[in-house]
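Colleague: How does the following fold in three dimensions:
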Amino acid sequence: MSVEQQILEILRKSDEKRLYDLVELTGASRQMAHRAVKNLVLKGHIEKVGSAPKTYYRLTQSKTRVTATLTKERSDFLNQHFIQITETGKRLEGTEAMAHWCEKQRLPFEKTVQEFIVTREKYLKHFLDSGLIDGWQKIRSTKGFDRIGADEIYYLDFYAIERFGKTRLGLLLHLAKQGQNRKLMDEIIDLCKLRIDKLIEKKQISAVGYIPPTIKREVQFMKVLERKLNLPLPHIELMKVTGEIAIPQKALSKIEERVSNARASILVKEKRAFKKVLLIDDAIGSGATMNETSLKLKDQSITNQIVGLAVTGSFKGFDVIQEV
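Modeller: Here you go, the predicted structure:
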């Protein structure tokens, strides 16, 4: 019996095993057992659960089968725009992700693929040649702002689209922040860096500020973003101050409350003056934090030109993004 067959037999009799256990039970070398496990994962017979140093292997619980054949063009489109994370934490890409989603929603595969492509392409029309979305009109049309602080606002993608929920970037951002996952944070930044660099060059940005988070986490996405972008620009020091109980923007459902919260909690600690400032945030829902921070920079004569940038933003006027 081959090592692969032995491993399959072992996993049929038990829920899950570590590589160490499989080496012990098969008597194979670690290198041989690792090669066998890798082959079985590629074949779809077993799946990896967890991450080092707590990695286990088990028989594949369920494998979504795609009976329809898509054109290469459609398959490539799904690979670029659609991912899913299963209830066990497995990441699915493209066609496999869509098949899994259709199975869970009990929807026909080919018809749903066509509907997703049509829907996503509708949102892709909002992208500029720079690969950014102009979100300034959204802020300008939001009722509840006495003044508009930012002169321009851009998104790298929408946070979510109708019916299908979070975009690829939106889902990665949500999971990265909620799970404090550095690997996903790095992936997001790699997807964004080139477009941010080009924006800075095109707009002749002279300083940058990062909107600080309200909720304390051991791994803060905005700190990782600031460190990995490593922009060669002066950094404006922004602080979030809170009362006895920290109230994040996502906990507030009224625009007036969000404006009041942002106005009271953002503190600008900067004495220098700059020609044009880039303000970066992870997500723009209502736009209250971005707008109030921009107004404070202008009111304190730090700058009179502000470009806002968010990793993700909402499509409609006033929107509440609660997850991030």
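Colleague: And the strands in the chain, which stretches?
Modeller: For the chain, applying DSSP state E gives strands covering 46-51, 54-59, 83-85, 91-93, 133-134, 152-158, 160-161, 165-166, 207-210, 235-240, 266-269, 277-284, 306-313.
Colleague: Distance from the third one to the middle of the chain?
Modeller: It stands for strand 83-85. The chain centre lies 12 Å from the centre of strand 83-85; the measure is C-alpha atoms, centre = their mean, to the nearest Å.
Colleague: same check, this time on stretch 129-148
Modeller: Going by C-alpha atoms, centre = their mean, where stretch 129-148 is centred and where its chain is centred differ by 21 Å.
Colleague: Enumerate the positions of it that are buried.
Modeller: 132-133, 135-136, 138-139, 142, 144-145, 148 (16 or more other C-beta atoms under 10 Å). No exception for glycine: its C-beta is placed from N, CA and C like everyone else's.
Colleague: for this structure, what are the low-confidence residue spans?
Modeller: Residue ranges of the chain with pLDDT under 70: 62-68, 243-253, 317-324.
Colleague: how does it divide into domains?
Modeller: Per automatic domain parsing, the structural domains of the chain span 3-59, 72-124, 133-313.
Colleague: what's the most buried one of the ones you listed?
Modeller: By mean neighbour count, with neighbours taken as mean count of other C-beta atoms under 10 Å, domain 133-313 ranks first of these at a mean of 18.
Colleague: Endpoints of that domain, how far apart?
Modeller: 9 Å (C-alpha to C-alpha, to the nearest Å).
Colleague: What of stretch 162-170?
Modeller: 13 Å.
Colleague: Then stretch 215-231?
Modeller: Chord length of stretch 215-231, first to last residue, is 25 Å (C-alpha to C-alpha).
Colleague: quick one: contacts of that stretch?
Modeller: Contacts to stretch 215-231, defined as C-beta atoms under 8 Å, 6 or more residues apart in numbering, come from residues 173, 176-177, 180-182, 185-186, 189, 193, 196, 200, 208, 210-213, 235, 246, 248, 280-282, 311.
Colleague: chain center to it: distance?
Modeller: Its chain's C-alpha centre and that of stretch 215-231 lie 13 Å apart, by C-alpha atoms, centre = their mean.
Colleague: With stretch 86-93 instead?
Modeller: That offset, for stretch 86-93, works out to 15 Å (C-alpha atoms, centre = their mean).
Colleague: what does it rub up against?
Modeller: Contact with stretch 86-93 is made by 47, 49, 61, 64, 79, 82-85, 100, as judged by C-beta under 8 Å, 6+ apart.
Colleague: Apply 10 Å and report the result again.
Modeller: 47-51, 58, 60-62, 64, 78-80, 82-85, 96-101, 104, 168, 171-172, 175, 179, 184 (C-beta atoms under 10 Å, 6 or more residues apart in numbering).
Colleague: Distance across it, terminal residue to terminal residue?
Modeller: End-to-end distance of stretch 86-93 (C-alpha to C-alpha): 11 Å.
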